[in-house]
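> Take this sequence and fold it.
(one chain, ligands or ions: 1)
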Amino acid sequence: MNGANIGLADELCHASIEALNRALANANILLIKTKKAHWDVMGPEFVSLHELWDRQYETLSEYVDSIAERVRMLGGIPIGTARGFLEASELTETPGYVDTATEAVAGLLEDHETIVRMQRRAIEVVSADAGTMDLLTQMLRGHEKMAWMLRASLQGEALRTNGRTAMRASPPLA
Ligand SMILES: [Fe+2]
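Numbers count the residues shown, from 1 in each chain. Sure thing, here's the model as predicted:
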């Protein structure tokens, strides 16, 4: 199919290209949403969230490039239009609305979790293509970490709302 003799049947290449293009679309939409949050954020967490989202944007940019280049390695054509990314992505946008910091954290957390669930399924589909599986697995770990950072920030918010300042380990440490 792509002229490369790398031990992958055409059918498997097609499955990998499809999974990668979906991952590419999701990463691109999340990239845009993350940068928007970086611009719009206001409030006492401004500096930490502004900087966190800049770092997450950089990570997502690297993912986008790695995914698209792997599509080419397998003989496919990466989606490369804004319309194409929107059509192929599972993530939704909220045009005309500026999120509060908490809403933006919750929304991006949901998007990372959506991608983690999607990539977990995709990894099973491409399990015979070690290269694609490895790339999707690395990104899955990255999205899990980014989700954790956002979730921890929301959980901190809940603690403050409850007027608590100390966190207790659960179960309590001896
Ligand atoms: Fe910036």
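
> For Ile67, the count of nearby residues, please.
Neighbourhood size, Ile67 [other CB atoms under 10 Å]: 25. All C-beta atoms are positioned from the backbone trio N, CA, C, and that covers glycine.

> isn't it right next to Leu135, touching?
Yes: between Ile67 and Leu135 a contact is recorded at 7.1 Å, counting by CB atoms under 8 Å.

> Could you tell me which residues touch both of the two?
Jointly contacting Ile67 and Leu135 under the rule CB atoms under 8 Å, 6 or more residues apart in numbering are Leu20.

> check contacts around Ala128.
Neighbour list for Ala128: 8, 12 [criterion: CB under 8 Å, 6+ apart].

> Next, give phi and psi for it.
Main-chain torsions, Ala128, degrees, to the nearest 10: phi -90, psi -10.

> Could you give the number of residues near the closest residue to Val64 other than its chain neighbours?
Nearest non-adjacent residue to Val64, counting by CB to CB, 6 or more residues apart in numbering: Ala27, 5.0 Å away. When counting by other CB under 10 Å, one arrives at 25 neighbours for Ala27.

> any idea whether Ala27 is helix, strand or coil?
Recorded secondary structure, Ala27: helix (DSSP: H, G, I helix; E, B strand; the rest coil).

> Test my guess that it contacts Leu60.
Yes: if you go by CB under 8 Å, Ala27 and Leu60 touch, sitting 5.5 Å apart.

> Give the residues shared as contacts by those two.
Counting by CB under 8 Å, 6+ apart, nothing touches both Ala27 and Leu60.

> mind checking how far Val116 is from Ser16?
Using CB to CB, to the nearest Å, Val116 is found at 19 Å from Ser16.

> do the same with Leu52
32 Å.

> between these two, which one's more packed in?
Neighbour totals were compared for Leu52 and Ser16, and Ser16 leads with 26 against 21 (other CB under 10 Å).

> What separation is there between the more buried one and Leu74?
Here Ser16 is placed at a distance of 6 Å from Leu74 (CB to CB).

> Which residues are in contact with each of the two?
Shared contacts of Ser16 and Leu74 (CB under 8 Å, 6+ apart): 8, 132.

> Tell me where this structure has helices.
10-40, 46-73, 82-88, 101-125, 130-161 (DSSP state H).

> So what touches the shortest one?
Counting contacts by CB under 8 Å, 6+ apart, the residues outside helix 82-88 that touch it are 21-22, 24-25, 28-29, 79, 93.

> between these, which is closest to Ala152?
Nearest to Ala152 among those, counting by CB to CB, is Ile29 at 23.4 Å.
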